[in-house]
Every structure is written in structure tokens, then in C-alpha cells.
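Visitor: structure, please.
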Amino acid sequence: AVIGYCWKMMKELDDLKQNDRLAFKSDSDSGSGSVFAVLRGDIFAMLAGIEGECFVRKEEGVEGSGKFGIAFGLKGIAESEIQQLKKLCVLGDSFLSLQNFVDEQLSINAGLYLTSLGDSIDAVLDDYRNDLLQLDEDIKHDDSKPLSILIYDLNNHFILLPMILDMVEEISERKLRGCSLVAYLHEQIALKPMSTRAPFQRIFKDSVRVFLQQLSSWTVYGVLIGREYEFLVKKRRNQKLTNSTSYRGVWDDYEINGEQTMPIFSKRFHAKILEMGLYCLLLKSSSQQSGTAYVSVRQEHEFEDSILTLANDDIFDVVKLERTLGVVHDHLSKFVGSLLSSKADLHNTLKLIKEYFLLGAGNVYVAFLDEAAVSLKQHTTTRSSHEMQAAFEHAFVELGMEDSRGASMFQMHVEDHSLKGNVVDALSLSLVSVPWPLHVIFTQDTMERYDSIFRFLMKLRVAQHALDSVWRAQMKVHKSVRAEECIHVWDLRRNMAHVITNLQSYIQADVLSVCFADLEKSIKGVESVPKLIELHDSYLSSIASRTFQDREKIKKELEHLVSLCLKFCALVNSVPSPEHVPVKSVVSIKQEFSRLVAFLVAVLATVKDRHLSHLLVRIDFNHFYSQGYFSGREQSTAQLQGRASNSTSTMSDTRMVATTTTATATLY
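Guide: All right, here's what the predicted structure looks like:
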């Protein structure tokens, strides 16, 4: 139709040239009707974006560079007629600019949304072309009509085409594309007069159709169609993240495309769209592994149809879209929840990790410490990892648990970079395998957080085990030695055991058990993977906070306290009898132990935390340390120093220690 119309216009223009009608003189009796009669072919050709001899572009004599203008030398036209012809030229310019935009989008494969925009604008221009053809037919039968009648008949297009052209120019200037283009078109509808909204609604409706196609493909099949930068979701191109310890597999392969977010949707709705596609990918991967389809083909088609049918609505209803996607999301969440609970066994996996990483399986670790007691006292070697794993496996065998899930799920080892240190400082636990798809929750980074807590708890358990061993050794010889000769050793061991035992009791009873109970309660019925990740991260953060793992100064002092206890035990075990323990060494250890306990008590008394107040009550029961122990420490230490004639160390003033420690604790 367009080619035929252009051919017709060019034929009429040739006829005008042959009759030499370009230079004419207006007849005073014919008025402006003769202008229309003579230039009809040129006018309609110009309105269709076709250059002729009477209306030309980019040539010398054109009024307005790059736009249609009246050819130089055209005579016999009144000034009023020139103004009317210029107005028609503006309409021809608008049409031609829009036509060029449409041709460009359709020829260069500009993407789903810009191609759809080009098709929609071309459909609007078809109305304009049809009106031109109809006016041309009408004027053939009555060419005496003035130009004002033609302008009046095209009045709607005089308003509409420049508005569409302004919109197109802004789109090109801002380089809008994809979902951001849909959001922009939605804004434009509200800004337009009611009389001109229909074409803009048509353009917007076509773009919404493309959006719903992309949306259904992602939320039902987990597939991104079109160019990846056009949709709300995009695939990450971050190799560092893929190789990092926090990589969650498919869960970290996609993210929300910040450049394509739509203001008409909430942040939660954007997150739900991302989540639905990830659910589809998880279920698809599980189906490939197990051969069982969690979502049937019929259900997928029903979900897809429920989304695509929204494109037939006259008005785009965001609430209706959210409600429709909510139904699909609920079904997918149910399938994923079933996958996590039945196949992956999330709850039992959490319990196993708590038992072994957080030392809940006390019988296993008692057997392990008995088996590895000698190796733990030594410096690390290349065989340390093998020895620790052998002791760990032997503990399961001794308890008759060699076929248990824990025996095959966890592995004890010693870190290679700590070969010059002690085994107990380098001892580490790792998860051999994570049931699929729990890798999205238990990432390598998450397991390292577990391992950090395990190291601290294990050192506490080793210290407690060592102090108990010293006590058993004391009980064997206490009748054969004089009490006054080794009372200082027994007293220090008793106080160390009190602090270590209560610290460990607090962590197991008031921290780990309570936090795990809260986690079990919070994840009950939760089917959203992001919510599970959030709750689990919160669980680990709570444990880390209550065990001082996120307070570097306190953590360092506690580790020093544990190391001091191990040093004391090694000192006692190095002599045949408690009375042979060097008094000078006992004095030095007791001084440092007193400082550390004073620091811990001051910190617990200063920090406003109801959980830590339980620990303060356990350690400083009846204010034993804060009011009695430190005041009597000076006298007992002086007695020890009197017995150690070669001792050169002296104790600090008790009040100075307490004051300094309290001031230090206030900073933390």
C-alpha cells in the first residue's frame, strides 16, 4: 500500500512537471483553491515524506536546515498560503522522522522492546497514511478546497505526531531499552491529554506484551529470552564470585538488573521475580538428577497462560499481575520446600552440623580427646592431619558409630599453613559433602564461619580435658605429698577449671542450645530459600556475637586465657609430682590468669547484654572474683614469692589492675 501510494504521488508529480506548473501566477478570482489544485500532488507527497520540486530537503534555498521547505523560486503564492504550507511541512517532517526511526529499529534488530516500539509506532503511522489516501480521494472530486480545510482534517495528526516524535527523541537521547522503556511508556500515558492517550496506550500495551513474554519465560521455565540487558534479571559475569568461597551455585549466577528496575513494582516484587526463576532452575536441576519432574508440563503451561493472558487486558493492572505471580510463586515455593525437606533433609543436616561443628556430640569428642591426647600436645607436622583424622575415626569405632552419617560427613584435619604451631591451634573440621541443593545455604564461606566457631570451642574443650587430667593426676598422689607444698598448684587449677567449665557450660546451654531452638522455630514452615539463607546467617551471627567471635579484643584475650590453661597443664605434667612444679612459673601464670579473669569480669559487668549477664553470674558467682579473689591475691602471691628465693617478678597492685582492666573493658 505504501509503495503504491508513493508511486501514485510520483506519477502526479511528473505530470505537474510536464505541464510546467511550478511557476504559476495566482488568478485573482480562484483564490487559494488554485494553489491546492496545482500543488496537490507535491503536498501529499511531502506529507508522505517524499521530496519533490516544490518541497525539498537539504538543498540551497530551503527554509530550515534538514527539514521540508518550499522550493526557491516558487511564485504566485500568498503570504497566508506560505504559512499554511510551512505548517504542513512540519507535519511531513514529523512523519518522516518517525518513519526513519521505525525503519532503523526494524532493520538493525535493536532488541525485543525497541522492535516492538517500532512496530507499534508504524501501526500508528498507518492511521496517518490511510487518512492521507482518503483525503487525496476526496480532494480529487473537489480540488477547490482551501489549504485550511486540509489542515483541519489533519488536525489530530498535527497534535499526535509531534508528541510521539518528542517521546522517540527522548527515548533515543536517554538510550532507554528493555523494562526501563516499559516503565517510561507507562509514565507517558499519564502525562498525555485524554484525547491523545489511545495511541500511547496501544504502544504501551504492545511493550507490555513483550514484557509478559519475558516474565513468563523466566518465572515458569527459568529461561531468559531476548538480550540479557533488557529484562529485570540478568546473569552475572563475575568469575571472581564463581571461584570465591561464598559461591552458592545457581543462586549466585543471576541478579536483579539495576538498570532495568521498574518504579511501578516494589523492591520485594523485583526480588520475588528473581526468586521464581531461581526456583525453576533448582527444580529443573533436581529433575535432571533424579528423573522426577516436580512441575508437570501441564502445570507449566497453565502458569504461562495465566501470565500471558494479562496482555489482553485493556489496562495494565499491576495488582492483578502481582496476584497472578503470587499464585505461581506459592506453587514453586511448595515444590522447593518439599525438595529441601524430603530429599535434602535440611533439619537433620542442621542438627548434624550443630553436633559436630558446635561440639554437641560430646561423647564423640571425649573419645576423640582421649585418643588424640598425646598428638594434641605436639607441634604440627606433615602427618598431623592424618593422625587427627585417624583419632576422629577411631572415636566413632569405639562408640560403635562407624556407620553413622556423621562419620562419613565430616573430616578432621590440621591446616598446612600452621605447620610451625601447635596442633590444637591448627585443628580444623570440614564438611566432606553437602546434600544437594543445600549448597545454596551451606556455602564454603558459611562453613568457614562454622569452622571458626569450632576452633574456639575445641580449644575450650581441650583445655577442660587437660585440667581434668591434671586433677586426676593430683588425686593419685595427694596423700603422698604435703598439702602446703602444692596448695598453690591445686588452687590455681581449681580456679582455671571453674572459669573454663562455666564458660563452656554457658556456650553450650545458654548460647548454642537456645540459638538452635530459635532457628528450628523460625524455619518451621519457611519455603523461601532467601528467607532460609537469611535466618541461617542470623543464627550464625547470633552465635558469633554471644561467643565473642565478632569482638576481636575479647576473643584474643579469651584465646590467651585458654592457652594459659594449657601451658599450666603442660607445666604440671612435666614434673613427677605437684610439689616439684617451679614456684616462679606458677607465680607468673597466676599473675597473667588473674589479669585475664579481671578483664573478663570487668567486660561482662560493663557490656549491657542479658545473655552475657548469665555468663557473669556463672563465673563471678557471689562476687568471688570481683570482691574476694583479687583482694586476697596479693597476700597469697607474696607468700609464693617468699618461697621462690630466685623469683624476680612481682605482682602489680590489685587496685591498679582492677581499675586499668575496667577502663580497658569499657572501651570494648
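
Visitor: so who does Glu355 touch?
Guide: 361, 364, 406 (CB atoms under 8 Å, 6 or more residues apart in numbering). Any C-beta I mention is one placed from the backbone N, CA and C, and that applies to glycine too.

Visitor: nearest to Asp468 among those residues?
Guide: Lowest distance from Asp468 to the contacts of Glu355 (CB to CB) belongs to Val364, with 17.1 Å.

Visitor: out of the contacts of Glu355, which are buried?
Guide: In the contacts of Glu355, burial by neighbour count holds for 361, 364, counting by 16 or more other CB atoms under 10 Å.

Visitor: let's have the contacts of Glu355 in TSV, adding secondary structure.
Guide: Putting those into TSV (DSSP: H, G, I helix; E, B strand; the rest coil) gives the following:
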residue	secondary structure
Ala361	coil
Val364	helix
Gly406	helix
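
Visitor: setting aside sequence neighbours, what's the nearest residue to Val434?
Guide: Phe442 (4.9 Å; CB to CB, 6 or more residues apart in numbering).

Visitor: shouldn't that neighbour be within a strand?
Guide: No - per three-state DSSP, Phe442 lies outside any strand segment and is coil.

Visitor: so how far is Lys531 from it?
Guide: Distance of Phe442 to Lys531, computed by CB to CB, to the nearest Å: 16 Å.

Visitor: those two - which one has more neighbours?
Guide: Phe442 (20 against 14; other CB atoms under 10 Å).

Visitor: wait, that one touches Leu431, no?
Guide: Yes - taking contacts as CB atoms under 8 Å, Phe442 lies within contact range of Leu431: 6.8 Å.

Visitor: shared neighbours, those two?
Guide: Shared contacts of Phe442 and Leu431 (CB under 8 Å, 6+ apart): Ile353.

Visitor: mind listing the strands for this protein?
Guide: Ranges of strands in the chain, per DSSP state E, are 55-56, 69-70, 233-235, 254-256, 410-414, 427-431.

Visitor: remind me which residues of the stretch 301-450 of the chain are low pLDDT?
Guide: 416-420 (pLDDT under 70).

Visitor: per-residue confidence at Leu114?
Guide: Reported pLDDT at Leu114 in the predicted model: 91.

Visitor: residues contacting the nearest residue to it once chain neighbours are set aside?
Guide: Spatial nearest neighbour of Leu114, chain neighbours left out: Gln105 (4.9 Å); criterion: CB to CB, 6+ apart. Residues in contact with Gln105 (CB under 8 Å, 6+ apart) are 114-115, 117-118.

Visitor: distance of Gln105 relative to Leu117?
Guide: From Gln105 over to Leu117 the distance is 7 Å, taken as CB to CB.

Visitor: give me the common contacts of those two.
Guide: By CB under 8 Å, 6+ apart, no residue touches both Gln105 and Leu117.

Visitor: just the helices from the stretch 201-350 of the chain, written as ranges.
Guide: For the stretch 201-350 of the chain, the helices defined by DSSP state H, counting those that start in this stretch cover 239-242, 267-290, 297-308, 318-338, 346-357.

Visitor: among these, which is nearest Val168?
Guide: Where the helices of the stretch 201-350 of the chain are weighed against each other on CB to CB, the nearest is helix 318-338, at 25.3 Å.

Visitor: pLDDT score for the residue nearest to Leu114?
Guide: pLDDT at Gln105 comes out at 86.

Visitor: distance of it from Ser626?
Guide: Counting by CB to CB - Gln105 and Ser626 are separated by 79 Å.

Visitor: also Thr349?
Guide: In terms of CB to CB, Thr349 sits 43 Å off from Ser626.

Visitor: do the same with Glu322
Guide: Glu322 is 59 Å from Ser626, by CB to CB.

Visitor: these two: who's more crowded?
Guide: For Glu322 versus Ser626, neighbours defined as other CB under 10 Å are more numerous around Ser626 (19 against 15).

Visitor: the residue nearest the centre of the chain pairs with what?
Guide: The structure's the chain has its C-alpha centroid closest to Glu255; by CA atoms, centre = their mean the separation is 6.7 Å. Beta-bridge partners of Glu255, counted by DSSP bridges, are Lys234.

Visitor: one step back: out of the contacts of Gln105, which are buried?
Guide: 114-115, 117-118.

Visitor: got those residues as JSON lines, with distance to Ser574 columns?
Guide: JSON lines is the format used below for the buried ones among the contacts of Gln105 (distance: CB to CB, whole Å):
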{"residue": "Leu114", "distance to Ser574": "81"}
{"residue": "Thr115", "distance to Ser574": "83"}
{"residue": "Leu117", "distance to Ser574": "84"}
{"residue": "Gly118", "distance to Ser574": "87"}
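
Visitor: Leu503: which of those is nearest?
Guide: Leu114 (65.4 Å).

Visitor: test my guess that the closest one contacts Val182.
Guide: No - assessed by CB under 8 Å, Leu114 is found out of contact with Val182, at 11.4 Å.

Visitor: show me the contacts for the residue nearest to the centre of the chain.
Guide: 233-234, 236, 274.

Visitor: wait, which of the residues you listed is closest to Val336?
Guide: Closest approach to Val336 among those (CB to CB): Leu274, at 14.0 Å.

Visitor: for that closest one, give me the pLDDT.
Guide: pLDDT for Leu274: 90.

Visitor: how many residues are close by it?
Guide: Counted with other CB under 10 Å, the neighbours of Leu274 add up to 21.
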